[in-house]
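**Q** coordinates only, sequence not included:
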Ligand code: GLA
């Protein structure tokens, strides 16, 4: 591993361990976790490695092969507010773990991400891999659910993104060739095996070449739009409502949405429309997978992608173009933007027999539309994988 080599060059000794956390995809269930929806997901065999050794003096000292600046803090002296760089997730994680358990040791580490950033939830993966290492050096073994909660709190409260628990749950609970079917309301989940008669599949990731945008704040705005819709629907229908920040679309039955949706502003109606239709697709998708009908699961994933473009109104021109090409490419069962949809990549479930023709066709179509991104575009074929081993 590059991170091991780099660790050796920096510290002139081998790291004590190398921890790994996979990335995730969510073919159906996007933009629903923050409203306590249901999701389906898979972890993939690419992710983030952290080569590390304990530091007895309590210092955390990290560098990333993807970013320039090194980062350093003491386990008892994490800045109370974020510093607006890549290490914020890990500062927040130190703070969160330290709130729950006594920490005595820090660590020195080198982080290596194996794919470009954006859409595969590298932020959750780096948080989880770091939490695993910091727990190991301090002899702490929290339950998986507690680790998920800590990582979500880091993202919500320290970094300031109103995300749900989809990413962390997939990266922890997933198992190879089993579809995670999770209810984010109560954390109940099922790992649905791919039945033996199911057609073979692989996971293709198509990177747009756009890794960073300034659109991040729109994510929080979408969450607020959903909350506003839920609050208004409760008020229209006489459902008791409590605090605004504790309101979710999951509290409002779909019949209430159908009855009162015309009174909502168009944008709120669309966001809620996405959520209710995604809730339905997730249930249908889980049943399709259970039956081994990957073609139906794929169609539902394409429908999910369509709803993310037209109802959730996300997706850059680059991602929409990739999605559009995917829908016209033979051998792709289905797919959509991966992640929040403002940057990064599209994922597709593909028939391995068409692997080469799919990669060639998507690349040719994309580069014809965005010639300037020729050197940045990339496609990668992945397999489903186990979540992080805690
Ligand atoms: C990001 C968030 C998740 C989820 C997805 C969209 O990855 O972190 O919580 O909302 O976007 O489905």
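**A** Great, that's in hand. All of these numbers come straight from a predicted model, not from anything done at the bench.
**Q** show me the contact partners of stretch 182-199.
**A** With contacts defined as C-beta atoms under 8 Å, 6 or more residues apart in numbering, stretch 182-199 is touched by 32-33, 36-41, 145, 148, 164-166, 169-170, 173-175, 177-181, 201, 250, 286, 289-295, 333, 351. Yep, even glycine has a C-beta here, placed from its N, CA and C like the rest.
**Q** same check on stretch 371-382?
**A** Stretch 371-382 is contacted from outside by 44-46, 115-116, 202-210, 318, 350, 355, 359, 362-363, 366-367, 370, using C-beta under 8 Å, 6+ apart.
**Q** same thing but 7 Å
**A** If you take C-beta atoms under 7 Å, 6 or more residues apart in numbering as the criterion, stretch 371-382 is touched by 44-46, 115-116, 202-209, 355, 359, 362-363, 366-367.
**Q** show me which of those residues are buried.
**A** By neighbour count, with 16 or more other C-beta atoms under 10 Å, those hold 44, 46, 115-116, 202-209, 359, 362-363, 366 as buried.
**Q** which bits of the chain sit near the ligand?
**A** 26, 30, 31, 33, 34, 121, 163, 164, 166, 167, 339, 340 (C-beta under 6 Å from any ligand atom).
**Q** for the chain, give me the ranges with low pLDDT.
**A** Across the chain, the stretches falling below the confidence threshold (pLDDT under 70) are 212-216.
**Q** how about 90 then?
**A** 116-118, 210-218, 315, 339-343 (pLDDT under 90).
**Q** residue of it closest to the ligand, please.
**A** Scanning the chain for proximity to the ligand using C-beta to the nearest ligand atom identifies residue 163 as nearest, at 3.3 Å.
**Q** contacting residues for that residue?
**A** The contact partners of residue 163, taken as C-beta under 7 Å, 6+ apart, are 34, 155, 156.
**Q** regarding stretch 26-43, how distant is the last residue from the first?
**A** This stretch, stretch 26-43, spans 9 Å end to end (C-alpha to C-alpha, to the nearest Å).
**Q** quick one: it to chain centroid distance?
**A** Going by C-alpha atoms, centre = their mean, to the nearest Å, the spacing between the C-alpha centre of stretch 26-43 and its chain's C-alpha centre is 9 Å.
**Q** again with stretch 364-383
**A** Centroid separation for stretch 364-383 versus its chain: 22 Å, with C-alpha atoms, centre = their mean.
**Q** got the end-to-end distance for that stretch?
**A** Using C-alpha to C-alpha, the distance between the terminal residues of stretch 364-383 is 24 Å.
**Q** report the buried residues of that stretch.
**A** Judged by neighbour count (16+ other C-beta under 10 Å), stretch 364-383 contains these buried residues: 365, 366, 370, 373, 377, 379, 380, 382.
**Q** whatever helix or strand the first one lives in - contacts with which helices or strands?
**A** What it means is residue 365. Counting by DSSP states H and E, the element that carries residue 365 is helix 355-369. Identification of packing neighbours for helix 355-369 by 3 or more C-beta pairs under 7 Å, 6 or more residues apart in numbering; DSSP states H and E yields strand 202-207, helix 317-327, strand 378-382.
**Q** and with 10 Å instead?
**A** If you count contacts as 3 or more C-beta pairs under 10 Å, 6 or more residues apart in numbering; DSSP states H and E, helix 355-369 packs onto strand 202-207, helix 317-327, strand 332-337, strand 345-350, strand 378-382.
**Q** next, the angle from the second one to strand 202-207.
**A** Relative orientation of helix 317-327 versus strand 202-207 (axes from the mean of the first three to the mean of the last three C-alpha atoms, to 10 degrees): 150 degrees.
**Q** measure how far helix 317-327 is from the centre of its chain, please.
**A** Relative to the mean C-alpha coordinate of its chain, helix 317-327 is positioned 19 Å out (C-alpha atoms, centre = their mean).
**Q** same check, this time on the fourth one
**A** With C-alpha atoms, centre = their mean as the basis, strand 345-350 stands 14 Å off its chain's centre.
**Q** re earlier: restricted to strands, list the contacts of stretch 182-199.
**A** Counting by DSSP state E, the members of the contacts of stretch 182-199 that fall within strands are 38, 39, 40, 41, 178, 179, 180, 181, 333.
**Q** in helices, which of the residues of the chain next to the ligand appear?
**A** Using DSSP state H, the subset of the residues of the chain next to the ligand located in helices is 166, 167.
**Q** which of the residues of the chain next to the ligand ranks first by neighbour count?
**A** residue 121 (31 neighbours; other C-beta atoms under 10 Å).
**Q** quick one: that one and residue 347 touch, right?
**A** No: between residue 121 and residue 347 there is no contact, the gap being 11.5 Å when judged by C-beta atoms under 10 Å.
**Q** residues that sit against both of the two, list them.
**A** Taking C-beta atoms under 10 Å, 6 or more residues apart in numbering as the criterion, residue 121 and residue 347 both touch 23, 24, 25, 26, 338, 339.
**Q** residue 318 versus the fourth one, what's the distance?
**A** In other words, residue 26. For residue 26, the distance to residue 318 (C-beta to C-beta, to the nearest Å) stands at 20 Å.
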